[in-house]
Structure formats: structure tokens, C-alpha cells
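S.K.: Sequence and predicted structure, then a few things I'm wondering about:
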Amino acid sequence: MGRVVSRGIAVAAAFWMCSLLVACSSSSNNPSGSRTPDNIALTPTRDVSLEIGATQAFSATAQDRTGTALTPSPLISFVSSNNSIVTIAASGLACAGKWDSLTNPQICAPGPVGTASITATSLGVSSPPVIVHVHQHIDSVAISPVPNQTGTEFNCKLTPPFNNVAGFSKTLTFNYQAIASSGGLDITSTVGPITWQSINPNVASTSITATGLQTGQVQVTAVNPGMTQIFATIAGINSQPKDFITCPVKSIALAVTGTNDNSFTVSSGGSKTITATVMDSSDTTLTTPPSLIWSTSDAGAFSATGTATGTATSAKAGSSTIIASCTPPLCNPGFPISLPIYPQGVINATATAPTSNTTQTNTIFVASSKCAVRDSSGNVPPIADPDCVSVILPIASSTNTVGVGIDLPGAPDSLMFDRQGTKIYLGTDNGFLRTHGLAIVTPAGDTNTAPTLLHLPTAPGKILAISPDGKKIIVSDLAETPNVVSIVDVTTATAPVITPLLITGATAADFSPDSFKAYIVAGTALYVFSPVDSLKKIDLLGPANDVSFLSNGAFAYLAGGAAAVGLTTRRTCDNTQVTGQDVSLPTTSTFIKTTPDSTGMIGINSSGIDLIHVTTEPVGCAPTVTNTHDPSSDSFNFGQGTFTPTQLIVTADGRRAYIFGQGLNNIILFDLEGKTTSTIQLAGDAVPIRASLTTDGKTLYVAGSDNTVHVVDTVNLVDSNQITFPLRLCHRKVNTTGGGIFSCDVDLIAVKP
């Protein structure tokens, strides 16, 4: 009996143990019946840094061999290798210390400093471990150079305020370390992973795997000229950022590739490559220089493209100035004040026609600012009539016939082509409470097809300047209060962006040749606009009439701007006035323009012309310039009495200047090479009003007082033809009535580049 009972007890015990084993393998460890995973993915995957008493959530996924999560998922458990350092709850929430409960954790009691491995397991499969570094509270993280490195941390030879900023020439490296402190003690060895970041990796890159680095160290490589910041992060605590400079571009020398020449001539359609030799502030010539901006003064004649090497390609016969500049943010980015650098010299490009008898085909556009009914004396009132609709008309030079035009939203006061010849811009001097505004006209493929028009009513005013790249237009509204200057960005042609600036009395503006900056003069104030810097106002010692950038871009000149009569000079890079280089003139110029070769400025006053000789050394952000002017040999009276200059045209080859003005009955031609004056008389003794020159410089189209366009042959200096307008330049608005016929004499004209 006892043996039966014993045997029964033994059988029951065996059955009970078997039941337990089955339950452990299927019910407890795999209650859902999921299959055994091939691997367990634990997140986070990298080492973790935790302050004592802090927590970190872990999660895990059971996956098959393809990395696909198993559905349903088997039960996953989390394990800590050192529960005195880190305990982890069933949910995966880890405590740098001790949890009060592993199933319902609420309080994490801080424990000692140290490390523990966390793994996730399921059905005998474990994840790769993740190390948790437990440390004291971090008060600060500081960056310092790794000791005993060769070389200096400051090799860019920069002047204040950048002389004490770490700087290295391109491709050089330097190592730094991060030090974590707590209560004045160095606890770096306990904090675990340190991450490094460069704000602009294109200026400086970071690596923690470079040869020879210890824990917490980084190697920084100077990538491209510019300024950035690097910083270290430990357990969510960032160090103070450290400024880092890859030595900025200091100088750019240009030459036609394979030569030392700074000029070239090709047939129309031909091209030349241009080599830029770039040196940084450490006096190192960059074998792989940064991307430069290539610019052309006359995109109708030449295009210019490239990065370190440029290509100038002729579009048609004509001349252009080609430069390459280090323009932020593409080059020298990140400095608190933008640091553009311009070339030491320019490339003068000329394209010739296939034959000397080749006639350039052009399209000329005309409009009238005088859209009103003549008064009893035959004069046109100075205020535009809102019922008068102005029209812009094209003229084909091949036949000198007027084509199909398009109505404008208001009477224009200015008409300009962009240098690319793709758009015509017409401003209005009275926006009629911002209902007229800027008109953007796109010419059709031929003059027998009407152009198209885009109207920007919120940008009224006179057009002061168009950027050389054709992307920005400056419009000044003086008719409404308050005065506003609108910067119209047409980068997206169908959706221009208008930036209004509260500038009172802006009368002239010019863009730097790389289109980076614009100088706007408004009485005794100069405004500097740039997409990189905020709008800057500079108070002048006297009123300024005009502004012109030197063709190499390094300097800008103001007609006035000082207490004395003459010109003042400013550095483009930092906008500072060049001390000691004011130019005293007999009379302050009304208009000024640069010579294409950047060796001079031309000023027009109420009786003649002044020539200013310029010698520059554009190196760094403090380029030097010498301006000279001898009144006895550089000032010329036209012998026409006193007049009010209205227009100055300098030919693209820099050989001639055409001058127009109220009080002049003819066109003044000044030979800039021979320094001689002559005049061109229009047929019928018509008074020239405004003109536009063809790209090849051979024809001047002139709007005359006789309401015709005069075709002036500039080779023979004769008015060879006159174009009349059977189609009027204005008409009455539809559904309006009134007496008299609107008069619209042509006084605005532009030749398509």
C-alpha cells in the first residue's frame, strides 16, 4: 500500500513537473504562440549617458531574419548586467539607481557612478548590449585643444576681431577635446558618449574616428573658406560653441586660361575660359578654390558661368566686363558681417560680328510718360490722367516698323530691360494708392505678337536699378506718404517677392557687379541692402546725387556724400568710407559711371565731364584705392552752357560717353580715349530726350521731341532714319468719356540686349 502511494506520488510529481515545464516554455515565455525570433532589435542602439537618478526608456522588437517585426510578438524581457548601477523595469524604463518597483516604477533612487549593460531577450535570443554610463550631474562642458599638437591654432593671419579665433587653411586638421565638469571636478571619464557637431559642415567637418583620437576627442578639418561653430553634447548638455574659421579668401587674380592676358576678342558665338587664382588669408594658394560667382556687365553680349574656373561665351557682337567674386553665402559664409572679396583686375571681353558689314538685329521698345490731354497752349499737364491708358510698343530694327503692343496698368515714368534681355520693367511715379505699380513685360518671339504682362500693384515708383543677374529690381515711390523703396525679387518669375523698405527720398541706386549688394542714396543717407545682412543706414556729411560700383566690385563711389563738392569712396566689403580718397571736383556730378576696365569713374555735371583715375589693390576686406583727378587735364566743359543732365550712356568698350540733358539741343559725344567733345544733331532739329544703345554700340535709338524715334549711326555719327508711330502710345480707358484726344509723346525707350 505504501509503495502504491509512493508510486502514485512519484507519477503525480512527474506529471506536475512536466506540466510546469510545458507551461514555462509555451504559456509563460510564449503565451501568444509566436515563433522564436531570429534577432532582437534594442533601441537606443548606442551607448547612453545618464546622470544618477535619471531615467532612459528602452524598447525592443522581435524580428525575423529579414528584419521584419514578428506578429504577434513573443514576450520580451529586459536585463541589466549590474542592478546596483542600473535597474530596468519590465516596461523597459531604466533607472540610474534603484526602482521602487519593477512592475509599476514610480521613484528612481540615485545609485553609484558606473556602467551597466542592458540587453533584451526573448525565447533564448538576446539583443546586442547597450552600455549605460551613469555619472554625476554635469555642470558644464568645455572645448579645448588637445595638448601637445604641432602647429598653431591661429594660422589665418586675421585682424581683430577674428585674430583670436581658431583658424586653419583649407584641408588642415586640428584636434579638440571636451571636458565635463561637476562641482569643479573633471568627470569626463565617466560620462560616456560625446557627440560633436559643426553648424556648417561645408566650412568645417568633424570626425571622432580619426587616427590617434582618445575618448571625448574630435578632429576638425577645414573644408572651405568661411566661419562656423563646433560644439560637443553629453547627456543632452551642450558645450559653449567654439568659433572655427577656415581661412577666408583674401584675393582673386583673373587671367585668360593659359595666358597672362586680362582681355580677349572672339567672333560672335565664341568663348574663352578664365582661370581664377585664389589665395586665402594665410597666404596659401588654394589648389581647389571654393565656388566663385562669375558675373558679366553686359549679359546681352557675354554670359559667364563657372565655379573655380569660368567660361565666357559670346551671345552677339559687343563687349563686356567679366569678374569672379567670392560672394557669401556661397563663398566666405558665416562671418558676422558678410565678407565678399572681389578680383584684383577684370577681364575685358569683346565679340566681333562675322563681317564688318553685319548689321545687328534688334528690337526696340517705346512708351510715353505723358499720358494726358494737351492744355490750351498745347502742353501736356504734368499729372497723368487716370482715364488715359499707356501702351508699350515694339519696333523691329530690320524694318524699322512698329509691332503689336500691350496696355500698361498706368502711365510709366521709367522703362528698363534686364541685362539678359528677357524682361522689360516699367515703373509708375504715381501708384494711385497702389493700384498701378510695377509692370513686368515679357517680349514675344516677334514684334507682330503682343508681349505678355505681369502687374505688381504693390510696388509703385520709379525703377532705380536692376541687378546684373536680372533677379532684383529696386523701385522708389516718392509720390505717396510714407515713401517706400521696394526690392522686387523675380527669381521665381511667376511669383515675385516684394520687400518694402521705409526709405524716404531715394533717388538713385546701383548693384555690385555680382548682384550681392545694393547701395541706395536718399539725400544725406546711404542705405545698404544685402540678402545676407540686415538693411544698414549710413548718415552722410552731404547729399548724394548718384552711386556707381567700380566694375571690379571692390569699391562704390558716391556723387556727393561729403561736406565738400566731389566724389566719396566706400569699400564694398564693409561699407566703410576710404579715408583720404575723397575727390574734389569743380561741381558735384549729377551722374557717375564706372569705366569697364575698373581704372576710372566718369562724372557728368551741369556743364561738362570729369574723369577720375582709379588704381586699386583689392586684397582682403580692406582693399586699397588711389583716386586722382587733375582739374586742368581731367575736367572738360562741353561749351554748351548750363544744362540739367538727364542721361549718361558709357559704351561697353569704354571708349565713348553719350550725354543727354534738358537745355541741350543735341547729343553730346565725348571720346574717352582722345578726350575730345563733339555733337550729334538729330534730323529736323529735334531735341533728343532719351536714348538706348545697341549691344554692339553701332546704333543709338533716340526718342526725339518730334515724337519720333531717331536711328543714329554711331559709326558715321548721322541720324540715318526716323520711326513714326501710326499706332498711338495711349488711348482712352474703355467705358469712359471726356473731351479732347490724349497725347502720348514718346520719351521712354530701351533696346533689347
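M.R.: It's in.

S.K.: for stretch 579-586, the distance to its chain's centre please.
M.R.: The chain centroid and the centroid of stretch 579-586 are separated by 32 Å under Cα atoms, centre = their mean, to the nearest Å.

S.K.: what's the span of that stretch from first residue to last?
M.R.: 20 Å (Cα to Cα, to the nearest Å).

S.K.: Let me see the contact set for residue 221.
M.R.: Counting by Cβ atoms under 8 Å, 6 or more residues apart in numbering, residue 221 makes contact with 171, 172, 173, 204, 205, 206, 207. C-betas here are computed from N, CA, C, even on glycine.

S.K.: Quick one: these as a markdown table, columns for neighbour count too.
M.R.: As requested, the contacts of residue 221 are exported to a markdown table (neighbours: other Cβ atoms under 10 Å):
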| residue | neighbour count |
| --- | --- |
| 171 | 14 |
| 172 | 16 |
| 173 | 15 |
| 204 | 26 |
| 205 | 18 |
| 206 | 19 |
| 207 | 14 |
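
S.K.: As a markdown table, the residues you listed with distance to residue 419, secondary structure and pLDDT would be great.
M.R.: A markdown table is the format used below for the contacts of residue 221 (distance: Cβ to Cβ, whole Å; DSSP: H, G, I helix; E, B strand; the rest coil; pLDDT from 0 to 100):
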| residue | distance to residue 419 | secondary structure | pLDDT |
| --- | --- | --- | --- |
| 171 | 37 | coil | 95 |
| 172 | 40 | coil | 95 |
| 173 | 43 | strand | 95 |
| 204 | 37 | strand | 98 |
| 205 | 38 | strand | 97 |
| 206 | 42 | strand | 97 |
| 207 | 45 | strand | 97 |
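
S.K.: Which of those sits closest to residue 427?
M.R.: residue 204 (45.1 Å; Cβ to Cβ).

S.K.: just the contacts of residue 221 now: which is nearest residue 437?
M.R.: Using Cβ to Cβ, the contacts of residue 221 come closest to residue 437 at residue 204, 45.6 Å.

S.K.: circling back to that earlier point, okay if I get the contacts of residue 221 as CSV plus distance to residue 673?
M.R.: Formatted as CSV, these follow (distance: Cβ to Cβ, whole Å):
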residue, distance to residue 673
171, 47
172, 49
173, 54
204, 50
205, 52
206, 57
207, 59
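
S.K.: all helices of this structure, in order?
M.R.: Assigned by DSSP state H, the helices in the chain fall at 2-22, 631-634.

S.K.: Please name every helix or strand in contact with the last one.
M.R.: Judged by 3 or more Cβ pairs under 8 Å, 6 or more residues apart in numbering; DSSP states H and E, helix 631-634 is in contact with strand 608-617.

S.K.: residue contacts, residue 562?
M.R.: 540, 541, 542, 568, 582.

S.K.: Tell me where the model's unsure across the stretch 301-450 of the chain.
M.R.: Applying pLDDT under 70 to the stretch 301-450 of the chain flags residues 372-385, 430-435.

S.K.: any idea which of the helices of the chain scores lowest on pLDDT?
M.R.: Looking at the helices of the chain, the lowest mean pLDDT belongs to helix 2-22 (a mean of 35).

S.K.: Flag the shaky bits of the chain, pLDDT-wise.
M.R.: For the chain, counting by pLDDT under 70, the residues that fall below are 1-34, 372-385, 430-435, 735-741.

S.K.: Break it into its domains for me.
M.R.: 1-31, 39-135, 140-246, 249-352 (automatic domain parsing).

S.K.: Make JSON lines out of these and add distance to residue 590.
M.R.: Output for these, formatted as JSON lines (distance: least, Cβ to Cβ, whole Å):
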{"stretch": "domain 1-31", "distance to residue 590": "93"}
{"stretch": "domain 39-135", "distance to residue 590": "69"}
{"stretch": "domain 140-246", "distance to residue 590": "38"}
{"stretch": "domain 249-352", "distance to residue 590": "22"}
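
S.K.: among these, which is nearest residue 525?
M.R.: Closest among the domains of the chain, once you apply Cβ to Cβ, is domain 249-352, at 19.7 Å.

S.K.: Identify the bridge partners of the closest residue to residue 347 other than its chain neighbours.
M.R.: Excluding its sequence neighbours, the residue lying closest to residue 347 (Cβ to Cβ, 6 or more residues apart in numbering) is residue 322, at 4.1 Å. Listed by DSSP bridges, the beta-bridge partners for residue 322 are residue 296, residue 347.

S.K.: quick one: residue 322 from residue 638, how far?
M.R.: Residue 322 is 33 Å from residue 638, where distance means Cβ to Cβ, to the nearest Å.

S.K.: And the contacts of residue 221, which is closest to residue 333?
M.R.: Nearest member of those to residue 333, counting by Cβ to Cβ, is residue 204, at 11.4 Å.

S.K.: Right, I'll leave it there.
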